[in-house]
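# after the sequence you'll find the predicted model.
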Amino acid sequence: MTVTSIDVLDSVVDITAQTESDTISESLITTVLQLTPANQVLVLDYNSEATPEFMVVACSDIFLYEDERDAIERVIKNCVLIGENIVEYSNDDNQALLAVPVRCGEKGEIEAVVFCKADELKGDEVQLIEGLTKIYENYQKIISASERDGLTGLYNRKVLTSKIDLLLDRFLIQGDTILDCPSSTHWVCLFDVDQLKIINDSLGHVYGDEILLLITAIMKQVFSEDDILFRYGGDEFVVIMHPQSREEMESTVRRFMQAVHERDYGQAKDVAISLGAAAISEDEMNAITVIGYADQALYKAKQNGRSQLAFYEDLIASGELQSFVPEDDVEMF
Ligand SMILES: Nc1nc2c(ncn2[C@@H]2O[C@H](COP(=O)(O)OP(=O)(O)OP(=O)(O)O)[C@@H](O)[C@H]2O)c(=O)[nH]1
């Protein structure tokens, strides 16, 4: 197989034209199949604290796993253990197995592995796969950074709507609730620091920043690993809470509000938040509608004296709010 510089350039253009993690993985696989003798390619996410540690994120159309399961697993695990490329020839059908680590974590830790299978892999072909993986790794880092808020490191607003829409799509695709237990549902919580302007004006903006960072730290402590945390903008934050009952959700949220209130912020006294919550149900149409519900509840929490929790569903039931569906293209905040 003769690979020209133009071929490589085309593939780099193709990989870097992608704007989402999943599509870059697919693009990398297509490129490796086109430019190298590899006939089977896998991209796996790696998380040493999760079970299972490896999750397939993208895979070539053909991938025969069962035949050489032990050898494949050994190569992938060794790659993560040693932190370098591993090439091995399987005894069964004399295939070359290559695993390349992808270090796209914040501290340079391995977060993925690219695995390839070929009849034969020469040194320069291994180098080419390694180089393509490096481009993939760099681009993954750029995409990941573009999804994060600069101050807190939480997901930013750009990702929020796509995450909620993903949940709603699952309702549509499955045609029923996400869970077996109908009393459990995902929740959207939108909260805003009470009167941050006064703190900024009296103690300075840097002090205000510090408060936002401390609140972020409390969010990470109180909410579960399965909840998704966002800085929505300014002093507003969003949490998408994993499926649970209203009681469970309310207990966590009240614990969070109390922890924010009880934290010692030095010269800033009585820091508190107001929080609006709404259930993500299968009847919702899009993320903007769901966030709009939580925002209306937050507005009521502020109006009713701040430092409190309000549920959209309760406000509708009590007649304090009228059911209202925001337009798709309305900028709401
Ligand atoms: N320090 C700091 N302040 C910010 C940041 N982003 C937004 N703010 C300030 O947060 C304040 C947000 O104002 P509002 O939410 O309208 O009002 P508030 O003073 O928090 O009072 P509430 O009515 O209780 O929400 C403004 O004064 C912004 O300047 C930030 O990144 N750092």
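Right, received. Where do you want to start?

# wondering if the helix or strand of the chain with the lowest mean pLDDT reaches the ligand at all.
Every helix and strand of the chain was ranked by mean pLDDT, DSSP states H and E. The lowest is helix 157-174, at a mean of 73. No: using C-beta under 6 Å from any ligand atom, helix 157-174 never reaches the ligand; the gap is at least 12.6 Å. For every residue, glycine as well, the C-beta is placed using N, CA and C.

# tell me which other helices or strands the following helix or strand past that helix touches.
Sequence-wise, the next helix or strand downstream of helix 157-174 (DSSP states H and E) is strand 185-193. In terms of contacts (3 or more C-beta pairs under 8 Å, 6 or more residues apart in numbering; DSSP states H and E), strand 185-193 is packed against helix 205-222, strand 236-244, strand 273-280, helix 287-303.

# shouldn't residue 242 be in contact with residue 226?
Yes: look at residue 242 against residue 226 with C-beta atoms under 8 Å: they come within range, at 3.8 Å.

# more crowded one of these two?
Higher neighbour count among residue 242 and residue 226: residue 242, with 18 against 10, using other C-beta atoms under 10 Å.

# how much space separates residue 150 from the ligand?
Relative to the ligand, residue 150 is positioned 9 Å away (C-beta to the nearest ligand atom, to the nearest Å).

# can you pull the pLDDT of that residue?
The per-residue pLDDT reported for residue 150 equals 91.

# could you pull out the strands for the chain?
Ranges of strands in the chain, per DSSP state E, are 40-46, 54-59, 86-89, 96-102, 112-118, 185-193, 228-233, 236-244, 273-280, 309-311.

# quick check: residues of the stretch 101-250 of the chain near the ligand?
So far as C-beta under 6 Å from any ligand atom goes, the stretch 101-250 of the chain lies against the ligand at 151, 192-197, 200, 205, 208-209, 212, 234-235.

# export those to JSON lines and tack on neighbour count and distance to residue 144?
Converted to JSON lines, these look like this (neighbours: other C-beta atoms under 10 Å; distance: C-beta to C-beta, whole Å):
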{"residue": "151", "neighbour count": "11", "distance to residue 144": "16"}
{"residue": "192", "neighbour count": "22", "distance to residue 144": "27"}
{"residue": "193", "neighbour count": "21", "distance to residue 144": "26"}
{"residue": "194", "neighbour count": "22", "distance to residue 144": "32"}
{"residue": "195", "neighbour count": "16", "distance to residue 144": "34"}
{"residue": "196", "neighbour count": "18", "distance to residue 144": "28"}
{"residue": "197", "neighbour count": "11", "distance to residue 144": "32"}
{"residue": "200", "neighbour count": "16", "distance to residue 144": "30"}
{"residue": "205", "neighbour count": "11", "distance to residue 144": "27"}
{"residue": "208", "neighbour count": "20", "distance to residue 144": "27"}
{"residue": "209", "neighbour count": "13", "distance to residue 144": "23"}
{"residue": "212", "neighbour count": "17", "distance to residue 144": "21"}
{"residue": "234", "neighbour count": "11", "distance to residue 144": "23"}
{"residue": "235", "neighbour count": "20", "distance to residue 144": "24"}
